[in-house]
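> Sequence first, then the predicted structure, then my questions.
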There are 2 protein chains.
Amino acid sequence: MSETREKIISLADKLIRVNGFNAFSYKDIAQPLEMKNAAVHYHFPGKTDLGIGVINEELYRFTQQTHKWQKLPEDEQLKHFIDVFRKHCHHGNICLMGSLSPDYNTLAPDMQLKVQEMANAILQWLSACLDAGRKHKRFKFKGSAEDRALLIITNLQASLLMSRVLGNTIFSRISHQLLDDILI
Amino acid sequence: MSETREKIISLADKLIRVNGFNAFSYKDIAQPLEMKNAAVHYHFPGKTDLGIGVINEELYRFTQQTHKWQKLPEDEQLKHFIDVFRKHCHHGNICLMGSLSPDYNTLAPDMQLKVQEMANAILQWLSACLDAGRKHKRFKFKGSAEDRALLIITNLQASLLMSRVLGNTIFSRISHQLLDDILI
DNA sequence: AAATTTACTTACTTACTGGTAAGTAAGCAA
DNA sequence: TTGCTTACTTACCAGTAAGTAAGTAAATTT
């Protein structure tokens, strides 16, 4: 992938997380990278293409990271997962799901599908992690691993939203209590 | 309050929940209400005034409803609270916090303050409800009532977001498991 | 009856949106 | 050296954003 393309995706990712998908324009990409509006259109003909590019990059990073953790005990894997959110919180970012799902109705169908794909990928990994962790006596929780994954992912997503409004202590409190609930 | 003003706030509330604050325009308010762009500006000079109007209305409804429930056992109160989210989910809406917090950085300072006020009002009520419910042996949970309130409110907020992307069954699964976790 | 206020409409401005068409300089390949 | 591709720039488009100034008809107050 070309360097310019990478820079555009990286900046778009940041802008989506900080201001939202509908709140940035091609100008916000072009100006900081010292190029013209149309140069961004050259790499990503439409805003939808750019959005899909950002999600694909996120999906790639996610599979790379989880693959790196796969030999670790499940509680360690979960802590790494939470740490990804912690870092985003520290940088004032929210997660892509938290940013794109409120705007979901305004997104083009292709991009809606990509958001779905991302949601499913994260939920599947987390469900599997929780299921294996319970079998290995590292987690305890009621109900199915899938439902527990939904509870945890919603905690993490919205903790970034709440942190933005009420301050970063919110994230620590949520992530701490979350772990305390399921760790043995 | 004038009838037109009420209609504008009601429609703006819907548009914020369905498309987001930055994704609707004065035209989207004026056209369906069969008035001109400038008539909306007459009632709400700036978009910020409109946003604050919507939040004030929501705060008013929230205090009215919780007041109506105050004599009920705490588990009943919590179920009513969850039902408010369930109804929004059913109508394809997300909650105001879930819609406004991703756009928080793009909001004017007065409106940011209003969003904070709303977040605090909801958290305070839920914390008090959980605290009293535990004392009356209707709830059981680890940690402080404030932290538990954060976990539950993030579950509910993000469950509406996830439902939008993956379908309404998500909400039922989360709300069910949520109650199962803390009800005695 | 006159003055004022309310609730608008008409007509507009400024700024920006995503997007496109046409051109160009540099590099590479046959 | 010709032709083609890459990575842009310049210049522009139609549409839409929030917002405003001036006018008006009807109701309300004095």
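That came in fine, so what should we check first?
> State the mean pLDDT of the longest helix belonging to chain A.
The single longest helix within chain A, with elements called by DSSP state H, is helix A:109-135. Across helix A:109-135, pLDDT averages out at 97.
> repeat for stretch A:62-77
97.
> Contacts only, for residue A:109.
If you count contacts by C-beta atoms under 8 Å, 6 or more residues apart in numbering or on different chains, residue A:109 has none. For the C-beta atoms, the positions are set from N, CA and C on the backbone; glycine is no exception.
> Check the residue of chain A positioned farthest from its centre and give its pLDDT.
Here chain A reaches farthest from its C-alpha mean at residue A:36, the gap being 29.0 Å by C-alpha atoms, centre = their mean. In this model, residue A:36 is scored at 86, pLDDT.
> Backbone dihedrals for it, please?
Here is the backbone geometry of residue A:36 (degrees, to the nearest 10): phi -90, psi 150.
> Then residue A:183?
According to degrees, to the nearest 10, residue A:183 has phi -70, psi 140.
> Which strand residues bridge it?
Each beta-bridge partner of residue A:183 is listed here: residue A:139, as defined by DSSP bridges.
> what about it, neighbour count?
Using other C-beta atoms under 10 Å in any protein chain shown, residue A:183 has 14 other residues around it.
> do residue A:48 as well
Other residues within reach of residue A:48, judged by other C-beta under 10 Å, total 17.
> what sits against it?
So residue A:48 contacts A:107, A:108, A:110, A:111 (C-beta under 8 Å, 6+ apart).
> Among those residues, find me the one that's closest to residue B:129.
Distance to residue B:129 across the contacts of residue A:48 (C-beta to C-beta) is lowest for residue A:107, with 35.9 Å.
> thought the closest one was touching residue A:100?
Yes: judged on C-beta atoms under 8 Å, residue A:107 makes contact with residue A:100 at a distance of 7.1 Å.
> that older thread, and the longest helix of chain A, does that touch DNA strand C?
No: Helix A:109-135 does not reach DNA strand C (C-beta under 7 Å from any atom of the strand); its nearest approach is 11.2 Å.
> For residue A:47, see how far away whatever residue of chain A ends up closest to DNA strand C is.
Relative to DNA strand C, the nearest point of chain A is residue A:25 (2.7 Å; C-beta to the nearest atom of the strand). Applying C-beta to C-beta, to the nearest Å, the value for residue A:25 to residue A:47 is 9 Å.
> When these two are compared, which one has more neighbours?
residue A:47 (20 against 13).
> one step back: any shared contact partners between residue A:107 and residue A:100?
A:21, A:51, A:115.
> Compute the number of surrounding residues for the first one.
What that stands for is residue A:21. Residue A:21 has 27 nearby residues by other C-beta under 10 Å.
> Which residue ranges of chain A form helices?
A:3-19, A:26-30, A:37-43, A:47-69, A:74-90, A:96-100, A:109-135, A:145-166, A:169-182.
> Please work out which of those is packed deepest.
helix A:96-100 (a mean of 26; mean count of other C-beta atoms under 10 Å in any protein chain shown).
> Does it reach chain B?
Yes: against chain B, helix A:96-100 shows contacts by C-beta under 8 Å from any C-beta of the partner chain at A:97, A:98, A:99.
> can you pull the contacts of the last one?
If I follow you right, that is residue A:99. Contacts of residue A:99 by C-beta under 8 Å, 6+ apart are A:16, A:17, A:20, A:21, B:102.
> hmm, try it at 6 Å
Shown in contact with residue A:99 (C-beta atoms under 6 Å, 6 or more residues apart in numbering or on different chains): A:16, A:17, A:20, B:102.
> next one: the first one
The neighbours of residue A:97, taking C-beta under 6 Å, 6+ apart as the test, are residue A:157.
> mind checking how far it is from residue B:23?
Distance from residue A:97 to residue B:23, by C-beta to C-beta: 17 Å.
> thinking again about what came up before, wait, which of the contacts of residue A:99 is closest to residue B:158?
residue B:102 (11.3 Å).
> Quick check: residues of chain A near DNA strand D?
Contacts of chain A with DNA strand D, taken as C-beta under 7 Å from any atom of the strand, map to A:2, A:4, A:34, A:35, A:36, A:37, A:38, A:39, A:42, A:43.
> Swap in 6 Å and give it another go.
A:2, A:4, A:35, A:36, A:37, A:38, A:39, A:42 (C-beta under 6 Å from any atom of the strand).
> Keep only those of those that are also close to DNA strand C.
Of the residues in the residues of chain A next to DNA strand D, proximity to DNA strand C by C-beta under 6 Å from any atom of the strand holds for A:37, A:38.
> related to what we said a few turns ago, kindly reformat the shared contacts of residue A:107 and residue A:100 as TSV and extend each row with distance to residue A:184.
Below are the shared contacts of residue A:107 and residue A:100 laid out as TSV (distance: C-beta to C-beta, whole Å):
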residue	distance to residue A:184
A:21	40
A:51	41
A:115	34
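> And the longest helix of chain A, how far out from the chain middle?
11 Å (C-alpha atoms, centre = their mean, to the nearest Å).
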